[in-house]
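> sequence and predicted structure are below.
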Amino acid sequence: MAFYQIKEKVAEKDGTGRFGTWIYPANMTMIEAGTEYAMAYAKGETDKFNQDVVLEKLKGIVGNSVEVRPIDDSKPNFLLIFMESQVF
């Protein structure tokens, strides 16, 4: 419902196609996934850093529409998170 209301307001100001957002709130997704990862680490279910487990935790929240990649080879634990977006 909110998507259509926002889309309508954006269109009224001739902004169609110029505004977008992630489908899932990024901040809350990262907090929830981070908490799940921390609990798995505390229980001994994962290493201190495991990119595959990070992705698994994110997918458990937002589904398969998420990817993670290291920002560069020298910083493997600094991950970029890519999620599906919606454009108004």
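Yes, it's here. Because the structure is predicted, anything quoted here is derived from the model rather than measured.
> what's the neighbour count on the residue lying closest to E32 once chain neighbours are set aside?
In space, and not counting its chain neighbours, E32 is closest to I61: 5.4 Å by Cβ to Cβ, 6 or more residues apart in numbering. In short, each C-beta sits where N, CA and C put it, glycine included. Look at I61: counted by other Cβ atoms under 10 Å, it has 16 neighbours.
> quick check: longest helix of the protein.
Identified as the longest helix of the chain according to DSSP state H is helix 26-42.
> which element is the residue nearest to E32 on?
helix 51-62 (DSSP states H and E).
> for that helix, packing partners?
helix 26-42, strand 66-72, strand 75-83 (3 or more Cβ pairs under 8 Å, 6 or more residues apart in numbering; DSSP states H and E).
> ok, and for it, which residues are buried?
The neighbour-count check on helix 51-62 (16 or more other Cβ atoms under 10 Å) flags V53, V54, L55, K57, L58, I61, V62 as buried.
> L55: what's it in contact with?
V66, E67, V68 (Cβ atoms under 8 Å, 6 or more residues apart in numbering).
> out of the helices and strands packed on helix 51-62, which comes closest to A2?
Closest approach to A2 among those (Cβ to Cβ): helix 26-42, 15.6 Å.
> by contact count, what packs against the closest one?
Packed next to helix 26-42, using 3+ Cβ pairs under 8 Å, 6+ apart, are helix 51-62, strand 75-83.
> in the helix or strand of the chain with the lowest mean pLDDT, what's buried?
Each helix and strand of the chain was given a mean pLDDT (mean pLDDT, DSSP states H and E); the minimum falls on strand 20-22 at a mean of 87. By neighbour count with 16+ other Cβ under 10 Å, strand 20-22 contains the buried residues W22.
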